[in-house]
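Student: Model the following, please.
(one chain, ligands or ions: 3)
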Amino acid sequence: MNHAPSNWPGALPKGAADMMQRIVDNVLDLVPAAEGGALALPVGDGLEFAFCSGAYSPHAGSLLSPTASLAGKSLVQVATLHTDDALADSRTDRNMIRAVKMRSVICVPLRYRTQVLGVLVVGSPRPRAFAAEDVSTLNGVAEFIAAAVETATAMSRVVLRSPDEPSAFRSAQRSKVYEYVANVADPKLASRLEREERVRTMMTERDFSIVYQPVLGLRNQELSGLEALARFHPGPYRPPNAWIEDAHRIGMGNELELMLVEAALEESWTAEPRLFFGVNVSPSVAIDRRFCEMVERLGRGRVIVELTENETVAKHDELVSALARLRRCGARLALDDVGSGFSSLARVVQLAPEIIKLDIELVRGIDVDPIRRSLAAALVTFANESGARVVAEGIERQAELDVLRDIGVPFGQGYLIGRPGPLTVHLGQFDPLAGAAER
Ligand code: C2E
Ligand code: MG
Ligand code: MG
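Tutor: Ligands and ions are numbered 1, 2, ... in the order given. Here you go, the predicted model:
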């Protein structure tokens, strides 16, 4: 029997990857004594824990020896292997066993026709955790699992085949076939591919514009700055964050975000220098050196970096040093959407932003909801004590603005004050010199 060619799970379409993940998730119910499940697939000369559940989850991506590990032996011998105490069993890889902390392990080879596609591994940190019945249960489903793995990987091979690969098809016919396969294999994939194509075209044609929304001092009603917001022209309408997410998915997110910042700041030169300009960036752009250079080159010390979603906890240290660098270039940090699920209070404490932007959700109906009011008031107190300023977003009604002013929110933004629009329109409506003094 020969082994299946290695299939990189990272390259699987989501539908296929989901199926692999369901295999290891559900095995924990099938064998109740199991505390972890893993699908070990061949890569190069060895095996990789490609999909993991339970106690194996932290070890996803680990490589296993084809000769020293129990899973490797199971693959090579095409035999189900079971150990009651992995630490006392010479067939196991001790280093691996210590790392994953499993004492009882069952490895089941996944045979499909003439191939062994990989090994299903279930484990428990307790010795003698599994009974003979568990082994036969797993042997009983092995064929089904192998068929599911084969289907998922076969789907991925077909779906991932580039439409411009040489073939007997004419190109239009080929892309029709490709779309059909993608729709069957992974219904969501087809529409995602289409959206991604639209992002590429939009970026090549620079088919977007920047609008600006005024930020007002709530006490004196004067303009103190503007937030730049992207508008993408191709229809049907999708919100800017959806376009940006699509761009990140195809590895062009930083490029797009930088393109938007550049466009926003280039236009800001026409405005009174004391007005600040808020630009939205995700953490991956905040740590991108090109962004820092752009802020230095175009920012003239008046950029507010509005940090959006909370995606890079892993890169926390990198983010903190990037923010220090940006501050040295004269930028200030605003944490966006505070009070929503995206921006936790812990993040406010960790990043010490100069500006806290209260999320629309917190502002909507603040005049009739005592809980929203007291949470916003608590954030104002916190901001005052830590030297930060508060900007309330999404003010739509006068009663909301009145409450926000009463609880001491110094700045506001929203449809009541001004809708996002061309820079010249806003600059014509406000007297910036009066407002700039309040900053
Ligand atoms: P955000 O930064 O929190 O921006 C505030 C959003 O609220 C904007 O939506 C704005 O148009 C909208 N808004 C303003 N006032 C009101 C109001 O009174 N009521 C309501 N209901 N909405 C109001 P928009 O422009 O659709 O942007 C959505 C999000 O997309 C932004 O949220 C931001 O996270 C992201 N985004 C927008 N432009 C850019 C950009 O150029 N770069 C990046 N990285 N993200 C952007
Ligand atoms: Mg924002
Ligand atoms: Mg916001």
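Student: Tell me the helices and strands packed up against the helix ranked longest in the chain.
Tutor: Counting residues, the longest helix in the chain under DSSP state H turns out to be helix 132-160. Under the contact criterion of 3 or more CB pairs under 8 Å, 6 or more residues apart in numbering; DSSP states H and E, the helices and strands touching helix 132-160 comprise helix 14-30, strand 104-112, strand 115-124, helix 171-185. For the C-beta atoms, the positions are set from N, CA and C on the backbone; glycine is no exception.
Student: A271: neighbour count?
Tutor: Here the count is done by other CB atoms under 10 Å, and A271 has 20 residues near it.
Student: List the contacts of the residue nearest to it when sequence neighbours are not counted.
Tutor: Leaving out its chain neighbours, the residue that sits closest to A271 by CB to CB, 6 or more residues apart in numbering is L427, at 5.8 Å. The neighbourhood of L427, defined by CB atoms under 8 Å, 6 or more residues apart in numbering, consists of 270-272.
Student: related to what we said a few turns ago, and the helices and strands packed on helix 132-160, which one is worst for confidence?
Tutor: Of all the helices and strands packed on helix 132-160, the minimum mean pLDDT falls on helix 171-185 (a mean of 60).
Student: what packs against the helix or strand following it?
Tutor: Beyond helix 171-185 on the C-terminal side, the first helix or strand identified by DSSP states H and E is helix 187-205. Of the remaining helices and strands, those touching helix 187-205 by 3+ CB pairs under 8 Å, 6+ apart are helix 14-30, helix 171-185, helix 240-249, helix 253-268.
Student: Comparing those, which comes out most buried?
Tutor: The highest mean neighbour count among the helices and strands packed on helix 187-205, using mean count of other CB atoms under 10 Å, belongs to helix 253-268: a mean of 20.
Student: Could you check how far P32 is from V24?
Tutor: When CB to CB, to the nearest Å is the yardstick, P32 and V24 sit 15 Å from each other.
Student: Adding distance to G123, write the helices and strands packed on helix 187-205 out as JSON lines.
Tutor: Compiled in JSON lines, the helices and strands packed on helix 187-205 are given as follows (distance: least, CB to CB, whole Å):
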{"stretch": "helix 14-30", "distance to G123": "11"}
{"stretch": "helix 171-185", "distance to G123": "31"}
{"stretch": "helix 240-249", "distance to G123": "34"}
{"stretch": "helix 253-268", "distance to G123": "38"}
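Student: Can you say which of those is nearest to R347?
Tutor: Nearest to R347, of all the helices and strands packed on helix 187-205, is helix 240-249, at 18.0 Å by CB to CB.
Student: avg pLDDT for that closest one?
Tutor: 92.
Student: and it with helix 253-268, angle?
Tutor: 130 degrees (axes from the mean of the first three to the mean of the last three CA atoms, to 10 degrees).
Student: Against which helices or strands is helix 240-249 packed?
Tutor: Using 3+ CB pairs under 8 Å, 6+ apart as the contact criterion, the secondary-structure elements in contact with helix 240-249 are helix 187-205, strand 223-232, helix 253-268.
Student: Mind putting those into JSON lines with distance to ligand 3 and mean pLDDT?
Tutor: Compiled in JSON lines, the helices and strands packed on helix 240-249 are given as follows (distance: least, CB to the ion, whole Å; pLDDT from 0 to 100):
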{"stretch": "helix 187-205", "distance to ligand 3": "22", "mean pLDDT": "82"}
{"stretch": "strand 223-232", "distance to ligand 3": "9", "mean pLDDT": "96"}
{"stretch": "helix 253-268", "distance to ligand 3": "16", "mean pLDDT": "95"}
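Student: Quick check: which of these is nearest to ligand 2?
Tutor: strand 223-232 (5.6 Å; CB to the ion).
Student: Strand partners (parallel or antiparallel) of that closest one?
Tutor: strand 208-217 (antiparallel), strand 276-281 (parallel) (DSSP bridges).
Student: so how many other residues sit close to C292?
Tutor: For C292, the count of nearby residues is 19 (other CB under 10 Å).
Student: Would you mind measuring from N139 to V295?
Tutor: If you go by CB to CB, the gap between N139 and V295 works out to 61 Å.
Student: Those two: which has the busier surroundings?
Tutor: For the pair N139 and V295, the greater number of neighbours falls to V295 (24 against 13), based on other CB under 10 Å.
Student: Contacts only, for the more buried one.
Tutor: Applying CB under 8 Å, 6+ apart, we find V295 in contact with 265, 303, 305, 326, 329-331.
Student: Checking my notes, it in a helix, right?
Tutor: Yes. V295: assigned to a helix according to DSSP: H, G, I helix; E, B strand; the rest coil.
Student: quick one: M19 and ligand 3, what's the gap?
Tutor: The spacing between M19 and ligand 3, counted by CB to the ion, to the nearest Å, is 37 Å.
Student: Surely that residue touches A152?
Tutor: Yes. In terms of CB atoms under 8 Å, M19 counts as a neighbour of A152; the distance is 4.5 Å.
Student: Quick one: residues contacting the nearest residue to D25 once chain neighbours are set aside.
Tutor: Closest residue in space to D25, ignoring its immediate chain neighbours: S53 at 4.7 Å, by CB to CB, 6+ apart. The neighbourhood of S53, defined by CB under 8 Å, 6+ apart, consists of 21, 24-25, 27-28, 36-38.
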